[in-house]
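Asker: Sequence and predicted structure are below.
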Amino acid sequence: MNELKIGWAARDVSTTQPVNIPGQFHMRISQGIIDPITISALVIDNGADSVMFLSADIVVIRSGLLGKIRAKVAEINPEIPVLKILMNATHTHTGPTTYGENLELMSGSSTASADELPDSGVAIASADAYQDFFTTQAAEAVAEAYAKRASGGIAYGYGYAVVGHSRRVVYLDDLSKRPGAVINSTHGVNGHAAMYGNTNDPMFSHYEAGADHFINLLYTFDAGGKLTGAVVNVPCPSQNSEGERRLSASYWNEAREAIRAQYGNIFILPQCAAAGDLSPRILHYNDAEARRFKLKFGTDNPKNVSEYFARRDIGERIADAFTEVLDWAQKDIKTALPIRHVVATVNLSKRLILKDEYEYAKTELKKLDKQKFKTDGTPIERLDANSTLVAGRNRYRRIIVRYETQVAEPKLPMELHVLGIGAIAFASNRFELYMDFQHRIQARSPFEQTFIVQLCGTPGSDGGTYLATERGVWGRGYSASMYCNLVSPRGGHELVEETVKVLKDIHTIGA
């Protein structure tokens, strides 16, 4: 009866080559490695259906990355059902680029590529070469996990770990109307809200959203009942050390270290649940946090990495939740379960560009096109300035293209995975999804426990982008602007409805 077979594999895809690090408006060329960049693969199969989870310490999945991995997996083993590969990014802002050289007009932060820039004197390795290396390693990990499937079991549960906090600050007044307000396509999009806004402000009102401290866990065991690994699903991106110029998995490195210190070198597959409006940093308790870290950890920062103590603190909390849940969840290990994995394309209503926004983008693009590239300063200073300029130009170009195509293409297609394993479910999306949408899905799901997985791969060149709620769009600010939102709050509602519908369908089938 539906005996489970489980296989794991992982790859270290760090590189000492000077590759671009996406996640900011300026290009950052890597200057070494802080900690490993990891690809993790888990296959769960019961003979009738399967899932291949694939997680990577990168910022987002774009440039046809998922399609290239699937094609390479099929070359290695044509029997593997590659459409069942569910790939997610942890959203570290210190992962290597996987975009390749042919960077299209994407709406993410790092929208400049080396071939658009004058030579700054900074050595930059081939993005195509790294992408080929990454996709090969990912495909081999999936194929290895599939080949290593063996009888085993799973257990699951949820715990609590304070990781994410609301990063959108709401004010009593409109920031864009203050004297000297900055208005531009990068961070100058504020209204009543601002991402990482100053809370020590007389007009500070509140945080736009609350937080989600649930941590969803799926443990795997071999036939003898020995723990082999776990899916760890946390509603928070891994972006503590987001300004570094060295490669890092951010807090997931410390979480892996803390868990493995107790359980040995088991596999850890991280997933980021809906967290478009959350981040792993507090904004109004800074002095108290600094005292906490000084008394708890001292002042030794052996890796000389930003927010290192916050990362350690988060890693310990995740490990504590891991242990607390495992203690009782392993009392109910399942070795035979039904699996129902639906892969579908859903079409979501776009965030339409208004006529005045289109005209504004054309006007501002003309201004930036006249702006000259920086020729003085150090090579890094030139690269920073010039890549930021190109990123700004590309964001306006993207608005123009969207306006000119939106009548013919009012919907955005997205690959949706909805998966039931016994009494638990997983549901995917491509976005940095605001937390409210997750709660709407989980509250209506017929499954006992539902894991939401954001920033998952979808066919095509694009990927990621924020999906803001109605209240987010009202407040404006970065992550809730025309530059950041390809899909409207209405499209977010459609995503919820489509996901809930499939959850109910597969739950009925398995009843």
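Answerer: Thanks, I have it. In this text the structure is predicted, and so the values were computed from the model without any measurement. Residues are numbered from 1 along each chain as shown.
Asker: Surely R440 is in contact with V496?
Answerer: Yes: shown here, R440 and V496 form a contact pair, counting by CB atoms under 8 Å, at 4.7 Å. C-beta here means a position set from N, CA and C on the backbone, and glycine is covered the same way.
Asker: Name the nearest residue to G159, sequence neighbours excluded.
Answerer: Nearest residue to G159 in three dimensions, chain neighbours excluded: A321, at 3.7 Å (CB to CB, 6 or more residues apart in numbering).
Asker: so how far is H165 from the one you found?
Answerer: Distance from A321 to H165, counting by CB to CB, to the nearest Å: 17 Å.
Asker: Which one's more surrounded, these two?
Answerer: Between A321 and H165, counted using other CB atoms under 10 Å, the more crowded position is A321 (24 against 20).
Asker: Residues in contact with the helix or strand that contains the more buried one: which ones?
Answerer: When secondary structure is defined using DSSP states H and E, the element that contains A321 is helix 308-329. With contacts defined as CB atoms under 8 Å, 6 or more residues apart in numbering, helix 308-329 is touched by 155-163, 215, 217, 219, 227, 230, 232, 234, 240-241, 250-251, 253-259, 261-262, 280-281, 289, 292-293, 296-297, 301, 305.
Asker: Which positions in it come out as buried?
Answerer: Judged by neighbour count (16 or more other CB atoms under 10 Å), helix 308-329 contains these buried residues: 308-322, 324-326, 329.
Asker: Give the next helix or strand downstream of that helix.
Answerer: Sequence-wise, the next helix or strand beyond helix 308-329 is strand 339-349, with elements assigned using DSSP H and E.
Asker: residues of that following strand that come out buried?
Answerer: Along strand 339-349, the positions that meet the burial threshold by neighbour count (16+ other CB under 10 Å) are 339-343, 346, 348-349.
Asker: same thing with stretch 413-423?
Answerer: Residues 414-422 are the ones in stretch 413-423 that count as buried (16+ other CB under 10 Å).
Asker: now swap in stretch 495-509 and tell me
Answerer: Counting neighbours by 16+ other CB under 10 Å, one finds that the buried residues in stretch 495-509 are 495-496, 498-500, 502-503, 506-507.
Asker: likewise stretch 83-98?
Answerer: Of the residues in stretch 83-98, 84-98 count as buried by neighbour count, 16+ other CB under 10 Å.
Asker: tell me the SS of the spatially most central residue of the chain?
Answerer: With distances taken as CA atoms, centre = their mean, the chain has H91 as the residue nearest its mean C-alpha position (3.5 Å). Per DSSP: H, G, I helix; E, B strand; the rest coil, the secondary structure class of H91 is coil.
Asker: separation between it and T405?
Answerer: For H91, the distance to T405 (CB to CB) stands at 28 Å.
Asker: Ok, Q371 next?
Answerer: Between Q371 and T405 the distance is 27 Å, computed by CB to CB.
Asker: same deal with V82?
Answerer: To T405, V82 is 30 Å away according to CB to CB.
Asker: who's more crowded, those two?
Answerer: Under the neighbour definition other CB under 10 Å, V82 and T405 were set side by side, and V82 has more, 18 against 12.
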